[in-house]
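In: Take a look and give me a structure for this.
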Amino acid sequence: MQNTKDLLTEPIPQTLLRFSAPFVLTAFAQMAYGLVDMMWIGRINAEAVAAVGLVGLLIWFGDALSLIGKNGMGVLVARYFGQARSRGKEGQALREGLLRRLSQGFQLSLLVALVYCLLGQALLAPFAGLYRLGETVYIYLIQYARVVFIGMIFKLMSVSYSQSYFSLGNSMVPFSINLVGLVLNMVLDPLLIFGAGPIPAMGVLGAGLATSLSQALVLILLIAYSRRRDPIDPLGLVGRASLMVRPDWGLYREMVRIGFPMALMSLILCIISMITNQILSGFGAIAVAVGALGTQIESICWMTTEGLGSALTSMVAQNIGAGQRKRVRDTVLVGCGISLAIGCFASFLFILFGQNIFSIFMREREAILMGGTYLLIFAIQEPFMGLESATSAIYAALGDTVFPSVASLVTNVARVPLALLLIPLIGAPGVWLAMSLMGVLRSSLMGLGLWKKMRAYLKTGHLKGRTL
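Out: Numbering: from 1, shown residues only. Below is the predicted model of the structure:
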């Protein structure tokens, strides 16, 4: 296992890049599931892309809920580990403290996953009825979502198990295992969508089945790898954490306090996206398909920076636990700079090659032209989005995510009236321009808030509500 003390002592730029690379690649692998599905489904028709894109909103809703357990447990584990190691706490005391936090975190994540899956299955038909895009889109949506919801239980648990590895300083294992799942998905997608030999063509149903099987494999491998480790090794505790322990309501409250604001921020954004997609549905299936595919393409940037953010959270949290304020400050500056550079690079690609990128996934000329417009509009916000991912991660490490949630609430709600003002002027692109402009405003507000928060922390070394 990577020496965890590297996060506390080694040069920051090299350490952050080395440690974050598997985070970034893991996030990219998780995002690529949807992108690979879109690539093959785009060969069916625009209606299939629209249906899968709308299901993507429901998947997003589940991913947002997973942040409660993922971020809450991840921050508490990383802080405790950093504090314990800096104070020379080893052996049984260290293992018991970690095992308690891991067990409670996994238990909370499983509860969230089960509730999400059951409610999702129950509310799927009413959700599909909100978007009046015809019977074909409705059937595709139901077929794909029924299977994907089952797979989401495996996915949400995999997210928490991956985060536990990250918090303990090992980012290579989750990447390697998620890569195995991605490869399986890439192999199964064309086989199950179009059929081969004795395997019948299943269309969008096959795409959902391929994704769910791949996610189940990832969870099995994450648990199996940890169980093979020596239980004396902190990483070996991951697979030995029990889901049957008595709930520790104090830890539950602290995990929810840390994780829920971040989850709420993402949930609000998801709900607003559902509303804007309902508005887009008035322009037809192609507009919805372009918005759905555009979100997947754009996610290459923000999933990359969120992967970096996961590493940044662990690194900042461990140094907070160790009481190294100067190193916390330097890590924040380096992390924000790298995230900003990634966003600028994505913006450059979208401006120059927007239509070319869309042509990889869709064949309809109208969709390609509209897709180029989509990426050109979102190129405005990409640098700011990169910075936003870093600031959100740092807020999580500081244990104070209320301000980002408020900033997200205000700017995301403002998308809808701004879109309604712009649509009479420029049509469907008005929805996307409203989203892009509000993204710029949101990132700016969060950056200003973090600057003030860091000044207070560096001066006093105190974190409000901090629990180790």
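In: How many residues are close by Gly250?
Out: Using other Cβ atoms under 10 Å, Gly250 is surrounded by 10 other residues. All C-beta atoms are positioned from the backbone trio N, CA, C, and that covers glycine.
In: Quick check: the gap between it and Gln14.
Out: 38 Å (Cβ to Cβ, to the nearest Å).
In: how about the helices of the stretch 151-300 of the chain, start to end?
Out: 172-194, 204-227, 249-280, 285-321 (DSSP state H, counting those that start in this stretch).
In: Could you look up the SS state of Gln14?
Out: helix (DSSP: H, G, I helix; E, B strand; the rest coil).
In: quick one: average pLDDT of the helix ranked longest in the chain?
Out: The residue-count maximum for a helix in the chain (DSSP state H) belongs to helix 46-86. Helix 46-86 comes out with an average pLDDT of 83.
In: which helices and strands does that helix pack with?
Out: helix 6-9, helix 12-41, helix 91-129, helix 135-167, helix 204-227, helix 249-280, helix 285-321, helix 382-398 (3 or more Cβ pairs under 8 Å, 6 or more residues apart in numbering; DSSP states H and E).
In: any idea of the mean pLDDT for the last one?
Out: Which is helix 382-398. So the average pLDDT for helix 382-398 ends up being 88.
In: and the angle from the helix or strand just after that helix to helix 382-398?
Out: Moving toward the C-terminus from helix 382-398, the next helix or strand (DSSP states H and E) is helix 402-426. On the basis of axes from the mean of the first three to the mean of the last three Cα atoms, to 10 degrees, helix 402-426 is oriented at 160 degrees to helix 382-398.
In: just checking, what packs against the helix or strand that helix 402-426 is followed by?
Out: Using DSSP H and E, the helix or strand that follows helix 402-426 in sequence is helix 429-460. Helix 429-460 sits against helix 249-280, helix 285-321, helix 325-359, helix 365-378, helix 382-398, helix 402-426, with contacts defined as 3+ Cβ pairs under 8 Å, 6+ apart.
In: Can you add distance to Ala64 and give the ones you listed back as TSV?
Out: Converted to TSV, the helices and strands packed on helix 429-460 look like this (distance: least, Cβ to Cβ, whole Å):
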stretch	distance to Ala64
helix 249-280	3
helix 285-321	12
helix 325-359	20
helix 365-378	20
helix 382-398	13
helix 402-426	11
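In: if we compare those helices, which one ends up closest to Val440?
Out: helix 382-398 (4.8 Å; Cβ to Cβ).
In: Give me the buried positions along the closest one.
Out: 382-398 (16 or more other Cβ atoms under 10 Å).
In: same thing with stretch 262-277?
Out: Buried residues in stretch 262-277 (16+ other Cβ under 10 Å): 262-277.
In: Next: stretch 449-459.
Out: Neighbour-count burial for stretch 449-459 [16+ other Cβ under 10 Å]: Gly449, Leu450, Lys453, Met454, Tyr457.
In: Done for today, thanks.
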